[in-house]
Every structure is written in structure tokens, then in C-alpha cells.
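J.: What follows is a predicted structure for the sequence shown.
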Amino acid sequence: MTNLDVLDLTMELVRFPTVSSQDNTALTDYLEPIFAAHGFELERIDYHDAKGVLKRTLVAKKGSGEGGIGFISHSDTVPGSGWTSRDPWTPVVEGDRLIGLGACDMKGPLAASIVAAAPIDGATLSKALVIGVTSDEEIGFQGAREMLERSELSRSATLRYATVPAPTRLAPAYAHKGGAGVVGTAHGQAAHTST
């Protein structure tokens with residue numbers, strides 16, 4: 001696939017049944033030659049989830065230099081339960097809508113990131129551009145954690161910015177997902193609050 005089209009690529013990605021509980025490597029195997037054909041360096045990050053299922057996160061990079069930008073998407077979807085009128089893995093265009101499981105969250109945004117970055121000549125970039133394709137986003141973000149902890153390509157880019165092109169009805173959401181924890185330590189004697 002040398003001339004990339006967002007709709008065509010999205011439809012191909014939707015055809016892969018990548019429910020979070022399943023192996024996603026068929027989809028990543030499909031993407032690898034596309035990235036390679038468009039001048040990306042590639043890194044595979046394989047791991048087994050808590051149930052022993054093989055999962056893969058892909059990291060693709062163009063250019064070099066610190067302070068780059070990342071486009072981070074995920075390959076997994078929620079289960080296709082509730083789809084009664086059609087097969088969720090068979091994408092269909094109806095009017096101006098693409099219908100298929102994962103079309104908006106997140107295979108369409110992933111395809112758009114790839115199509116936008118594909119024609120860029122990495123040699124002309126003064127900062128790196130990274131596309132991350134994580135796994136297990138729908139059930140605990142394990143693929144993103146694996147990318148943060150193990151990706152040499154991502155680490156070498158020292159990304160300053162990252163965007164997660166998730167559907168937000170075209171309203172940008174700054175720091176949309178995140179987490180924080182607090183550990184508190186109390187000293188004294190245990191008692192009921194009434195006393």
C-alpha cells in the first residue's frame with residue numbers, strides 16, 4: 001500500500017478483530033510493511049497479558065532530535081456485543097459515516113496519523129515524529145506502559161508533546177486521561193470518628 005488513503009486504511013484496520021482480550025499481532029503484522037515502506041524505523045514491543053495472550057505495541061519513528069511529537073493510538077477495541085444488524089468487523093460506508101467496530105475509537109484516528117506522517121521525509125525533520133500503536137488500552141493501558149518502559153525509539157525521541165487522537169467531537173481535550181495517587185500515613189490510635 002504505497003498511496004495511502006485514510007478511509008481505505010481505516011476499513012482495512014476495522015477488518016481485524018482486535019478485541020482487548022485477543023491477540024492483536026495480525027493487525028500489527030499488517031501495519032509493519034506500511035510503516036517500513038514510508039521510511040519509519042520500527043520497534044516491536046511484545047508481552048503477554050495477565051491471561052497469557054500475546055500482545056504487541058508498535059512504535060514507528062521518523063527523524064531525530066529531541067523534543068519531538070508523538071501520535072499515540074491503540075489497536076484494541078471493546079467487544080462487539082450489541083451489534084445486531086451487521087458484523088462489527090465488516091466496515092460499511094453509509095452516507096458520510098463509516099460504520100464498523102473501532103472506526104472512531106481508534107482505528108480511524110490511527111489511520112489518519114499514518115496517512116498524515118507517511119509522506120514526510122524524516123531527513124527534513126529537526127525533531128522526531130513517533131507513532132505509537134498500543135494494545136490493551138480498553139482494559140488497563142498495559143501496552144502504553146510497555147511503550148513507556150521499554151521503547152528505545154520513543155525514549156530516543158524525548159517527546160515533548162504527544163497527542164492521542166481519540167474521538168472528542170472535535171473539541172481538543174488537554175491532558176484528557178491521566179491518573180494521580182496519594183499515599184497518606186496516619187499515626188496515633190485507631191478510633192471511630194465519633195470519638
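T.: Nice, I can see it. Computed from a predicted model, the values in this text were never measured in an experiment. Numbering: from 1, shown residues only.
J.: Residues in contact with the worst-scoring helix or strand of the chain on mean pLDDT: which ones?
T.: Least confident helix or strand, the chain: strand 161-163 with a mean of 87, by mean pLDDT, DSSP states H and E. Applying C-beta atoms under 8 Å, 6 or more residues apart in numbering, the contact partners of strand 161-163 are 68, 69, 70, 71, 72. Heads up, the C-betas are built off the backbone N, CA and C, glycines and all.
J.: Give the bridge partners for the nearest residue to the last one once chain neighbours are set aside, please.
T.: Sequence neighbours aside, residue 132 is the residue nearest to residue 72 in space, at 4.2 Å (criterion: C-beta to C-beta, 6 or more residues apart in numbering). With DSSP bridges as the criterion, residue 132 is bridged to residue 59, residue 72.
J.: that older thread, the least confident helix or strand of the chain pairs with which strands, and in what direction?
T.: Strand 161-163 has these strand partners (DSSP bridges): strand 69-74 (parallel).
J.: What is the biggest helix by length in the chain packed up against?
T.: For the chain, the longest helix by residue count, based on DSSP state H, is helix 25-37. Judged by 3 or more C-beta pairs under 8 Å, 6 or more residues apart in numbering; DSSP states H and E, the packing partners of helix 25-37 are helix 6-14, strand 41-48, strand 54-62, helix 108-117, strand 129-134.
J.: rerun that using 7 Å as the cut-off
T.: If you count contacts as 3 or more C-beta pairs under 7 Å, 6 or more residues apart in numbering; DSSP states H and E, helix 25-37 packs onto strand 41-48, strand 54-62.
J.: Off-centre distance for that helix?
T.: In terms of C-alpha atoms, centre = their mean, to the nearest Å, the centre of helix 25-37 is found 14 Å from the chain centre.
J.: Name the residues that touch it?
T.: Contacts to helix 25-37, defined as C-beta atoms under 7 Å, 6 or more residues apart in numbering, come from residues 1-2, 13, 16, 18, 42, 54, 56, 58, 60, 75, 114, 133.
J.: Stretch 7-20 now?
T.: So stretch 7-20 is contacted by 24, 26-27, 30, 75-77, 79-80, 89, 91, 98, 100-103, 107-108, 110-111, 114-115, 136, 138-139 (C-beta under 7 Å, 6+ apart).
J.: average model confidence for that stretch?
T.: Averaged across stretch 7-20, the pLDDT comes to 96.
J.: And stretch 10-29, what's buried?
T.: Going by neighbour count (16 or more other C-beta atoms under 10 Å), the buried part of stretch 10-29 is 10-20, 22-25, 27-28.
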